[in-house]
Structure formats: C-alpha cells, structure tokens
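Colleague: quick check, what structure comes out for this input:
(2 chains)
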Amino acid sequence: MSTHMKFVIGLSSLMFLPILWHFATVFGYLGEPPQTRGDFFLRIGLIVAGFVVLSAITASIIAARHGDDEVTPDEREWLIETRAERNGGWALMAGLVGLMWFAFAPMQPMDMANAALAIIAVGEAVKIISGLIYLRGKT
Amino acid sequence: MGKKPPITNRVRELREQHGQMSQAALANAIGVTRQTVIAIEQGRYSPSLESAFRISRVFGVGLEDVFGWDD
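Modeller: Prediction:
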C-alpha cells in the first residue's frame, strides 16, 4: 500500500475512535453523553477539528520526509477514492432515507442528531471498506 | 467493477528486457506508485492514455508494442 493510501485509510479509521467513544457514552458504557445542542456540537466540533489538525500535521510530516508526491494520489488511487466516495455517498443517501422513515415516529432531538452522526460514520466505513476492496481487486 | 477489459500488456516483459528494471523504477519514471505498476502488470488496472504513453516512452517502443487488444 502506498504512503498516500496508508495516510488516507489510517486517518479515516482513526476518526472512528472518538466516534466510537461518543456512541459508548450515548449507550451508557463510558462517561456522560452530551445533553444539549451545545454539548453535542462542541463534542463533534472538537472531533472534526482534531481530525483536520491531525491530517494537516501528518500530511506535512509525510511531505517533509518523502516529498509532496507521497501525499497526493496517483491516477489509480484517485479513481479508487472517487469510486469509494461514490459508495459512501450511496450509503449516506440510504441512511438518510432510513432516517426519514424513523423521523415520523416520535424521536428526541438528541436521538435524531446521533442517528445522523451514525449515518455519517457508516457512510465513512463503507468508503474505507470499498476503497480497500478496490485496492486489492480490479480497478 | 464490470467485466475485465480485453487489454493485454507486456510491461513486465519489457521491464525484464530493460536490465531488470524494477517496478519502483518504472513507477518513478512514469509518476505513479509501485502498487499501480503491479496492478497494470496483473491486468487489474488499465492505465490512462497519458501513463500508457509514458510507459512506452520509457521503453522506447510504440504504444502497441506495450499494450494490445485481445480479440
């Protein structure tokens, strides 16, 4: 696997750790779940900001050590990423349709927010897994 | 991912004919990763026209000496 793909897949997978921690709090396994809109968005905002900062730092380190080419995809990787993102997009759309269905049943706002976050996480997982499958198979 | 296109290539053979050029050296010469060269050689990926031309130029042969269409 090239440095670029390791970088992309590694960071995307790493993002699941705080998301898993969040859902562990929601289901009562670890700590306190967010109670208000402010709490929820502060937590999600910190996770996203952490991801962006970590991406920037990691990309800078890789570029400094191995050159800029190592952080950019080549043509096959670009194609794989495009296809994987398309699959992630389909998963996201399917999840939103499911959410529309459940939205008609009484749902707490926090449940709705967590469901949306879960859909985003599943879409990301579909992207990573399909990317790995394309990497190993025919592109 | 669709049916495998009937495109054949002689990249591996040409590498061996060019002083056992490594996959990494070829990858570096055409601006792709070694994994992409491996995928091309195994017929798992059909390179862009630009890369196909780059490969043929590295070996100093024509495009159809590297790639073929298997009827």
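Colleague: A:Phe88: how many residues sit nearby?
Modeller: No, residue A:88 isn't Phe; it's Gly. Look at A:Gly88: counted by other Cβ atoms under 10 Å in any protein chain shown, it has 22 neighbours. Glycine gets a C-beta too; all of them are placed from N, C-alpha and C.
Colleague: so it sits against A:Ala121, correct?
Modeller: No - here A:Gly88 lies out of contact with A:Ala121, judged by Cβ atoms under 8 Å, at a distance of 10.7 Å.
Colleague: A:Gly31: what secondary structure?
Modeller: coil (DSSP: H, G, I helix; E, B strand; the rest coil).
Colleague: tell me the contacts of it?
Modeller: A:Gly31 makes contacts with A:24-25, as judged by Cβ atoms under 8 Å, 6 or more residues apart in numbering or on different chains.
Colleague: change it to 10 Å
Modeller: A:21-22, A:24-25 (Cβ atoms under 10 Å, 6 or more residues apart in numbering or on different chains).
Colleague: can you check A:Ile120 too?
Modeller: A:19, A:44, A:88, A:91-92, A:95.
Colleague: can you pick the most crowded of these?
Modeller: Counting by other Cβ under 10 Å, top hit in the contacts of A:Ile120: A:Gly88 with 22 neighbours.
Colleague: and that one, how far from A:Ile9?
Modeller: 13 Å (Cβ to Cβ, to the nearest Å).
Colleague: over to A:Leu135?
Modeller: 9 Å.
Colleague: what sits against A:Glu81?
Modeller: A:4-5, A:8, A:73, A:127, A:131, A:134.
Colleague: from those, which is closest to A:Pro33?
Modeller: The shortest approach to A:Pro33 among those belongs to A:Lys127, at 26.1 Å (Cβ to Cβ).
Colleague: and the contacts of A:Ile120, which two are furthest apart?
Modeller: The widest separation within the contacts of A:Ile120 (Cβ to Cβ) is 19.2 Å, between A:Ile44 and A:Ala91.
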